[in-house]
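In: have a look; sequence and predicted model below, questions after that.
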Amino acid sequence: MAPVAVFIVWSLVVGECYPLSNYSMYSRPTPRPLRVYYVVDGEGEPLPIQWHTGQSPAAITKTFRHYESGIERDIARGRREEIGVEMIKAEAGERVLGWLRELSVARGGSRPGRTLDGAIQLVEITISAPGKGLREEHLTVAADAGPASEGAEGAEGAEGAEGNRGRTGPANEIRTTPPTPADTPP
Amino acid sequence: MSSELTRQDSGQADRSVRARLSRWFSVGFRPEATPGWEWALMRIAFAVLVWQEISSARHFGYPDQPVPHGLAVLFDLTWLGREWVMPAVRVLGAAALLLYVAGRCLPLVLPFLTLLHCLPHTLQNSQGSISHSHQLVTLVLLAQAVTAVWLWVRARRGAGPPDGLSQGAWLVFYSKATVASIYVLAGLSKAFNSKLLWVWNSPYLSFDLVKAQRQEYFKRLDPEYAGDVPLAALALEHAMVARLVFGGAFVLELLALLALKSRAWACVIGLGLLAMHGGIHLVMHLRFVNHEWLILIFLVNVPWMITAAGARLRSGRMIPGSEIKPLIG
């Protein structure tokens, strides 16, 4: 049993280092709101992101958190200027969108429509229980106008996507209801 | 006078419980004699699982390793995406697995298979998000590899496997220990990270239930996963019931190492863990297929279960050494 005890203690100390792990998922249930991320197109319609990129919303959420905490760490250590929470999220979100676009290109191949070449946006769902019952809010945190807009539209397209951030409107709708089958594009 | 007698009685009862517990824990938790057929069937089932894992192309095609993990911190693993790698892995993997099933050259074959399984999944986990779906397969391979090399070193020094048991018995024991250990780890992480408040705060897992359903929906926009999550609302509304249900799974995780007591205990703990995974799949749409297969192969041990049940039917009692004895009483 001694090797088993050593393995358990070692894994707890080392944490995430493949193939070791402390399996800490779902280990901190708290009343604090929980956030999860998904991707929509320029019109705000959800995209079947796993089909496009091979990545699930769970992987997207973890990747977003990785970039977000990296920026926060850099600010805390004085490596870069302080910026607001929204800007941190926007920067992390843009990196995630860029990464997803790259993956969709690598995966696209001959499958029509798989490559993400239009505008895409990252939406944050906040799940909380402020009073009785659950509440969900959907908010766009980052937008990427896409390579299609870089030619003809140029800066205008990028500006349009930039302008969507932090505003309410068709591409930045705050929804408090869960998605319904009607949200599913044909 | 009477209170003194009561104190004496309770003292004796304490000692008796302690003695029984100590006796119970002093038996088992060691490798058991493992017949050749049992170990061979486990090797075949495990080889099929490993083949499915290493012959899958999807973990090889990453152009970059933006957040290196494990071995990727030391080496650039993006070469795994080159055209020649996948066919080579298939050929070498198949050959190594055939040797494994035949029980040949295990001190060489097992470290090689461990590396073959570890590298692509390390690259996959170096993409910025961590998946726990494949780790246990690598860990069981690693445990078997270390055990096989250890026994080989002993053999080179002229000593056989300890306790007069076969190589298979030791490999099965440490495979079972690895599977059970990761559940203990998960339980300990829950206890430490929540400052021992995990069970009390578990109704807030309802947030995770909603999150899991949304993630499932936005993956492929499958209408089956759209809409409300009634179980999440129920967990918040009936907090004590939620604590009982989640608390049961938490205790099962912490006690998973009881699977090392005997085959019968391994089977009971294994069936409990499978039920827990079934529940997780039901409410969170999360499948841990590899974990479930490993539990079936090494803990539930279906061939043994059938043999034990057959022997019991024939003789009217359980086969020797397979009885589940209560902890106390």
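Out: All right, it came through fine.
In: burial check on residue B:229, number of neighbours?
Out: 22 (other Cβ atoms under 10 Å in any protein chain shown). All C-beta atoms are positioned from the backbone trio N, CA, C, and that covers glycine.
In: tell me which helix or strand of chain A sits lowest on mean pLDDT?
Out: Ranked by mean pLDDT, DSSP states H and E, the weakest helix or strand in chain A is helix A:155-164, scoring a mean of 37.
In: can you list the buried residues in stretch B:224-239?
Out: Residues of stretch B:224-239 classed as buried by neighbour count (16 or more other Cβ atoms under 10 Å in any protein chain shown): B:225-226, B:229, B:231-233, B:235-236.
In: for chain B, tell me whether the helix ranked longest in chain A is touching it.
Out: Looking across chain A with DSSP state H, the single longest helix is helix A:85-108. Yes: against chain B, helix A:85-108 shows contacts by Cβ under 8 Å from any Cβ of the partner chain at A:99, A:102, A:106-107.
In: for chain B, what spans make up the helices?
Out: Counting by DSSP H, one finds helices in chain B at the ranges B:2-26, B:36-54, B:85-102, B:106-124, B:135-156, B:167-193, B:198-201, B:205-220, B:230-237, B:239-254, B:263-284, B:289-294, B:302-315.
In: a markdown table please, covering those helices and showing distance to chain A and mean pLDDT.
Out: Formatted as a markdown table, the helices of chain B follow (distance: least, Cβ to the nearest Cβ, whole Å; pLDDT from 0 to 100):
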| stretch | distance to chain A | mean pLDDT |
| --- | --- | --- |
| helix B:2-26 | 10 | 74 |
| helix B:36-54 | 12 | 95 |
| helix B:85-102 | 15 | 94 |
| helix B:106-124 | 5 | 95 |
| helix B:135-156 | 4 | 96 |
| helix B:167-193 | 4 | 96 |
| helix B:198-201 | 4 | 96 |
| helix B:205-220 | 4 | 92 |
| helix B:230-237 | 6 | 90 |
| helix B:239-254 | 8 | 96 |
| helix B:263-284 | 9 | 94 |
| helix B:289-294 | 11 | 96 |
| helix B:302-315 | 21 | 86 |
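In: between those helices, which one is nearest to residue A:94?
Out: Smallest distance to residue A:94 across the helices of chain B (Cβ to Cβ): 19.0 Å, for helix B:205-220.
In: between helix B:239-254 and the closest one, find me the angle.
Out: 80 degrees (axes from the mean of the first three to the mean of the last three Cα atoms, to 10 degrees).
In: helices or strands next to helix B:205-220 in the packing?
Out: strand A:34-41, helix A:49-53, helix A:57-76, strand A:120-128, helix B:230-237, helix B:239-254, helix B:263-284 (3 or more Cβ pairs under 8 Å, 6 or more residues apart in numbering or on different chains; DSSP states H and E).
In: distance to residue A:14 added to these, as a markdown table?
Out: Listed next are the helices and strands packed on helix B:205-220 as a markdown table, based on distance: least, Cβ to Cβ, whole Å:
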| stretch | distance to residue A:14 |
| --- | --- |
| strand A:34-41 | 26 |
| helix A:49-53 | 30 |
| helix A:57-76 | 18 |
| strand A:120-128 | 31 |
| helix B:230-237 | 33 |
| helix B:239-254 | 19 |
| helix B:263-284 | 24 |
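In: tell me which of the ones you listed sits nearest to residue B:29.
Out: helix B:263-284 (9.7 Å).
In: quick check: buried residues in that closest one?
Out: B:263-270, B:272-274, B:276-277, B:280, B:283-284.
In: what sits up against that helix?
Out: By Cβ atoms under 8 Å, 6 or more residues apart in numbering or on different chains, the residues outside helix B:263-284 that reach it are B:28, B:32, B:176, B:180, B:183, B:208-209, B:212-213, B:231, B:245, B:249, B:252-253, B:255-256, B:258-260, B:286-288, B:291-292, B:295-296, B:298-301, B:304-305, B:308, B:318, B:321-324.
In: state the pLDDT value of residue 69.
Out: Since no chain was named, I'll use chain A. pLDDT, residue A:69: 94.
In: chain B, not that one
Out: pLDDT for residue B:69: 88.
In: next, count neighbours for it.
Out: Residue B:69 - counted by other Cβ under 10 Å - has 22 other residues nearby.
In: wait, what's in contact with whatever residue of the stretch 101-250 of chain B ends up closest to chain A?
Out: Nearest residue of the stretch 101-250 of chain B to chain A, counting by Cβ to the nearest Cβ: residue B:129, 3.3 Å away. By Cβ under 8 Å, 6+ apart, the contact list for residue B:129 reads A:55, A:58-63, A:66.
In: show me the shaky parts of chain A.
Out: For chain A, applying pLDDT under 70 flags the ranges A:108-110, A:148-186.
In: now the helices of chain B as a markdown table including distance to residue A:88?
Out: Supplementary listing: the helices of chain B in a markdown table, determined by distance: least, Cβ to Cβ, whole Å:
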| stretch | distance to residue A:88 |
| --- | --- |
| helix B:2-26 | 52 |
| helix B:36-54 | 37 |
| helix B:85-102 | 38 |
| helix B:106-124 | 27 |
| helix B:135-156 | 31 |
| helix B:167-193 | 24 |
| helix B:198-201 | 27 |
| helix B:205-220 | 21 |
| helix B:230-237 | 29 |
| helix B:239-254 | 33 |
| helix B:263-284 | 29 |
| helix B:289-294 | 35 |
| helix B:302-315 | 51 |
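In: among the ones you listed, which is nearest residue A:30?
Out: Relative to residue A:30, the nearest member of the helices of chain B by Cβ to Cβ is helix B:198-201, separated by 6.2 Å.
In: and that closest one, what does it pack against?
Out: helix B:239-254.
In: and the angle from the helix it packs on to helix B:167-193?
Out: Using the same axes, to 10 degrees: helix B:239-254 against helix B:167-193 is 140 degrees.
In: domain parsing for chain A?
Out: Annotated domains of chain A cover A:1-30, A:31-177 [automatic domain parsing].
In: among the helices and strands packed on helix B:205-220, which comes closest to residue A:93?
Out: strand A:120-128 (4.1 Å).
In: sheet partners, orientation included, of that closest one?
Out: strand A:34-41 (antiparallel), strand A:135-144 (antiparallel) (DSSP bridges).
In: out of everything not next to it in sequence, what's closest to residue A:52?
Out: Using Cβ to Cβ, 6 or more residues apart in numbering or on different chains and skipping the chain neighbours, the partner closest in space to residue A:52 is residue A:104 (4.7 Å).
In: nope, residue A:102 is what I meant
Out: With Cβ to Cβ, 6+ apart as the criterion, residue A:102 has its nearest non-adjacent residue at 7.6 Å, and that residue is residue B:63.
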